[in-house]
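>>> sequence and predicted structure below; questions after.
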Amino acid sequence: MAWPRKGASPAGRDSPTAEPGGPRHVAIIMDGNGRWAQGRGRPRLFGHQAGARRVREVVRACPDYGIEYLTVFAFSTENWKRTQMEVSGLMGLFRTYIRKEARELLRENVRVRFIGDRVKLDAKLRALMDELEQMTESCTRMNLTVALNYGGRDEVARATRRLAEDVAAGRLDPADVDEETLPRYLDTCVLPDPDLVIRTSGEARISNFLLWQSAYAEYEFTPILWPDFTPQHLVEILERYGRRERRFGKVPV
């Protein structure tokens, strides 16, 4: 399936130009794949496959809307509780997606990073992740971060452990630890905090996603299931975001 034409919306209209003050970093909890498939009488993996195709379209559209960073929640530390069939299918889908999209992401100048605990992932998938990161490390048009075997609490725990190891080794003075210190140990240490977090499918919770980083993010919960979420839906959310007043604790003037 070809990537959408640059500058084209789902309906064939020209894409809107980026609005000043729009979000630099958008994070998405891609929810509703299974329900989308079940509503069509198909297995849940069919929905995940449709969701993967939707990722391609949204990634392709983001730079035209002024979005420099996109982080997508692909598989959580809690998702291992799903059936073995679904988990195995998802792992196979991740491997296929990386193999299939790697060259196109490189051509589109998209840098890819993965966050999460890789230890539990199989060796072939880890190797593909490493290869894609290395292949795209010089890309500059867009930054795509995929959260895979990721959980916000797990990330903070792992970061705290690394911080404690530096303290124990004498590389870090406990007196110097403040709210600026921990982020340097997080998986997202090279990324800006998200400005906007979107969750699809109508659920109104954050499900352990970017807990530290999203402290001042704006949230948008949409009833649209992820496989139905188009770049035009993203535009509508960006328009609503642009009407919000972000004060970061300050009193409006």
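Arrived safely, thanks for sending.
>>> return the distance of the helix or strand where residue 103 lies from the chain's centre.
Using DSSP states H and E, residue 103 sits within helix 84-107. Relative to its parent chain, helix 84-107 has a centroid offset of 15 Å by CA atoms, centre = their mean, to the nearest Å.
>>> now stretch 47-62
On the basis of CA atoms, centre = their mean, stretch 47-62 sits 12 Å off its chain's mean C-alpha point.
>>> avg pLDDT for the helix holding residue 103?
For helix 84-107, the mean pLDDT works out to 96.
>>> could you point out which element follows that helix?
Next helix or strand after helix 84-107 toward the C-terminus (DSSP H and E): strand 110-115.
>>> now do that following strand: distance to the chain's middle.
Offset of strand 110-115 from its chain centre (CA atoms, centre = their mean): 9 Å.
>>> output it as PDB, restricted to C-alpha atoms.
Only the C-alpha atoms of strand 110-115 are listed here, as PDB (Å, rounded to 0.1, in the frame of the first residue of the first chain):
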ATOM      1  CA  VAL A 110      11.600   9.900   9.500                       C
ATOM      2  CA  ARG A 111      13.800   9.000  12.500                       C
ATOM      3  CA  VAL A 112      12.500   6.100  14.500                       C
ATOM      4  CA  ARG A 113      13.100   5.300  18.100                       C
ATOM      5  CA  PHE A 114      11.700   2.700  20.400                       C
ATOM      6  CA  ILE A 115      11.000   3.100  24.100                       C
END
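>>> just checking: what are the partner strands of that strand?
strand 142-150 (parallel) (DSSP bridges).
>>> just the C-alphas of the partner strand, formatted as PDB.
Only the C-alpha atoms of strand 142-150 are listed here, as PDB (Å, rounded to 0.1, in the frame of the first residue of the first chain):
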ATOM      1  CA  MET A 142      10.000  13.800  11.600                       C
ATOM      2  CA  ASN A 143      10.600  11.800  14.800                       C
ATOM      3  CA  LEU A 144       8.500   8.700  15.400                       C
ATOM      4  CA  THR A 145       8.800   7.000  18.700                       C
ATOM      5  CA  VAL A 146       7.200   3.600  19.200                       C
ATOM      6  CA  ALA A 147       6.400   2.500  22.800                       C
ATOM      7  CA  LEU A 148       6.800  -1.300  22.800                       C
ATOM      8  CA  ASN A 149       6.600  -3.300  26.000                       C
ATOM      9  CA  TYR A 150       6.300   0.100  27.600                       C
END
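>>> contact partners of it?
Contacts with strand 142-150, where a contact means CB atoms under 8 Å, 6 or more residues apart in numbering, come from 59, 62-63, 67-77, 94, 105, 108-118, 120-121, 129, 187-188, 191, 209-210. Quick note: C-beta positions are derived from backbone N, CA and C, even for glycine.
>>> which among these end up buried?
59, 62-63, 67-77, 94, 105, 108, 110-117, 121, 129, 187-188, 191, 209-210 (16 or more other CB atoms under 10 Å).
>>> how many neighbours does the residue lying closest to residue 109 once chain neighbours are set aside have?
Spatial nearest neighbour of residue 109, excluding adjacent residues (CB to CB, 6 or more residues apart in numbering): residue 141 at 3.6 Å. A count of neighbours around residue 141, defined by other CB atoms under 10 Å, yields 11.
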